[in-house]
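S.K.: Take this sequence and fold it.
(one chain, ligands or ions: 1)
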Amino acid sequence: MPPGSMAGSGAPAAAAEPLPRSIFKKFLVMLCSLLMSLYVFYCLAERCRALPAPVVAEDEEEGGGGGGYVGGSAALDERRKRLLQRSRRQQQRHEAGGGRAAGSGGGGALALLLGDGCKRLPQAVIIGVKKGGTRALLEFLRVHPDVRAVGAEPHFFDRHYERGLAWYRELMPRTLDGQITMEKTPSYFVTKEAPARISAMSKGTKLIVVVRDPVTRAISDYTQTLSKKPDIPTFESLTFKNRTTGLIDTSWSAIQIGIYAKHLENWLLYFPIGQILFVSGERLISDPAGELGRVQDFLGLKRIITDKHFYFNKTKGFPCLKKAEGSSKPHCLGKTKGRPHPEIDQEVVQRLRDFYRPFNMKFYQMTGHDFGWD
Ligand SMILES: Nc1ncnc2c1ncn2[C@@H]1O[C@H](COP(=O)(O)OS(=O)(=O)O)[C@@H](OP(=O)(O)O)[C@H]1O
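M.R.: Residues are numbered from 1 along each chain as shown. Below is the predicted model of the structure:
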């Protein structure tokens, strides 16, 4: 019995009284903080809650490879499941001390509490070029745990701008803190209004352009149109305004898109050149891991996608993924990617090479990169 205690003074009940009261106080404090935390989580979740209604986005062809975004509840559940699985994997990696805390950085538990992250406007956009290899780049990038991308092409900055940013954001996949939201729409590169519009969304948006020899690109473009409309005139006849004079028809979009220097000038009015990464479409085929290394650096991502992720599929004649995002199976792009081109008259090909040469030179100069097309 400690000296000075009240024992024997006829007040034992009073001595015992403060104990339950302090427990009660502690309980009250704990309850309050629990309620406060729940409120904070609720607010955060509310912040991410879906904005106006949605949406079926478009893609280049045949579903585009990579799951077009269709806002059904089954699809949503599937995405949630995948995101949470990924979040748990990231958490495990983080706990094992393996490199940078991927995206959620110890946020797996938070992600679980929050449901599944937020829909955010893209921080990086693949803006072009049509038939450059944009689908391959996006599919490869999606392997990275810190990249989440819309499967379909949203065409927001060219066709659907009047629908507003809330509509656009609703198309995006949910991301955890630290993950990058991306989309690809190759027609942005040649859309006059696109640079101002993307800059208005965020001046800091990182832009990626996959470029390919403009002559091969034009033939690839023509091959795509031919597959949909087999009755169109020959490539040779569409190339020229006047075959005898050899005057090239620059109003034909297949030709027009390849004048990269001209389109780039438009972008440089709104973005510094350092904010645009130029990916070689040719190297994306011959050395996908090398190009992906550059892209990951540009996006500030850890170099997770390496040689180990690719194999060369002899039947397809292209590099394919050993494991696609969210799957354990090998994955090549669909049959509309990497299809055979029709034979084109070599004289016409040479005439086109001569036509593009000065524009290519200008483009090399502007980007500080010789793509080796000439
Ligand atoms: N790994 C891999 N697999 C298949 N195809 C590949 C790959 N890497 C790049 N490419 C080239 O991508 C070309 C299609 O480019 P895009 O995806 O930008 O086309 S589109 O604008 O979205 O329609 C496509 O053009 P074509 O060969 O003319 O079909 C391919 O050459």
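
S.K.: Do you have the helices of the chain handy? List them.
M.R.: 12-16, 18-48, 73-95, 108-114, 134-141, 164-171, 194-201, 214-228, 235-239, 253-256, 260-268, 281-286, 288-298, 346-367 (DSSP state H).

S.K.: quick one: residue 186 and residue 281, what's the gap?
M.R.: Separation of residue 186 from residue 281 (C-beta to C-beta, to the nearest Å): 11 Å. Quick note: C-beta positions are derived from backbone N, CA and C, even for glycine.

S.K.: Spit out the residues that contact those two alike.
M.R.: Residues touching both residue 186 and residue 281 (C-beta atoms under 8 Å, 6 or more residues apart in numbering): residue 132.

S.K.: So the spatially most central residue of the chain versus the ligand, what's the distance?
M.R.: With distances taken as C-alpha atoms, centre = their mean, the residue of the chain nearest its centroid is residue 182 (2.5 Å). Residue 182 is 14 Å from the ligand, where distance means C-beta to the nearest ligand atom, to the nearest Å.

S.K.: Now do the same contact list for that residue.
M.R.: Contacts of residue 182 by C-beta under 8 Å, 6+ apart are 122, 123, 124, 125, 126, 138, 141, 147, 148, 149, 150.

S.K.: Mark which of those residues are buried, thanks.
M.R.: For those, a neighbour count by 16 or more other C-beta atoms under 10 Å gives the buried set as 122, 123, 124, 125, 126, 138, 141, 147, 148, 149, 150.

S.K.: Which ones among the contacts of residue 182 lie within strands?
M.R.: 124, 125, 126, 147, 148, 149 (DSSP state E).

S.K.: Closest one to residue 33 out of the contacts of residue 182, please.
M.R.: For the contacts of residue 182, the minimum distance to residue 33 (C-beta to C-beta) is 32.6 Å, reached by residue 148.

S.K.: Show me the beta-bridge partners of that closest one.
M.R.: Beta-bridge pairing of residue 148 under DSSP bridges involves residue 181.

S.K.: thinking it is in contact with residue 181, fair?
M.R.: Yes: using C-beta atoms under 8 Å, residue 148 is in contact with residue 181, at 5.8 Å.

S.K.: Figure out how far stretch 237-245 is from the centre of its chain.
M.R.: 39 Å (C-alpha atoms, centre = their mean, to the nearest Å).

S.K.: Going forward, the N-terminal residue is numbered 809.
M.R.: Will do, 809 is the new start, and the previous item becomes stretch 1045-1053.

S.K.: Could I get the buried residue list for that stretch?
M.R.: Going by 16+ other C-beta under 10 Å, stretch 1045-1053 has these buried residues: 1047, 1048.

S.K.: average model confidence for it?
M.R.: What stretch 1045-1053 shows for mean pLDDT is 93.

S.K.: With stretch 1056-1063 instead?
M.R.: 98.

S.K.: Do me a favour and get the end-to-end distance for that stretch?
M.R.: By C-alpha to C-alpha, to the nearest Å, the extent of stretch 1056-1063 from end to end equals 8 Å.

S.K.: Mind listing what's buried along it?
M.R.: Going by neighbour count (16+ other C-beta under 10 Å), the buried part of stretch 1056-1063 is 1056, 1060, 1062, 1063.

S.K.: Report the contact partners of residue 1120.
M.R.: Residue 1120 neighbours (C-beta under 8 Å, 6+ apart): 1126, 1127, 1128.

S.K.: likewise residue 945?
M.R.: Residue 945 neighbours (C-beta under 8 Å, 6+ apart): 934, 992, 1016, 1018, 1087, 1092, 1099, 1100, 1103.

S.K.: Check the residues you listed one by one and keep those near the ligand.
M.R.: With C-beta under 6 Å from any ligand atom as the criterion, the contacts of residue 945 include residue 1092 near the ligand.

S.K.: which of the contacts of residue 945 lies closest to the ligand?
M.R.: Distances from the ligand to the contacts of residue 945, taken as C-beta to the nearest ligand atom, are shortest for residue 1092 (5.1 Å).
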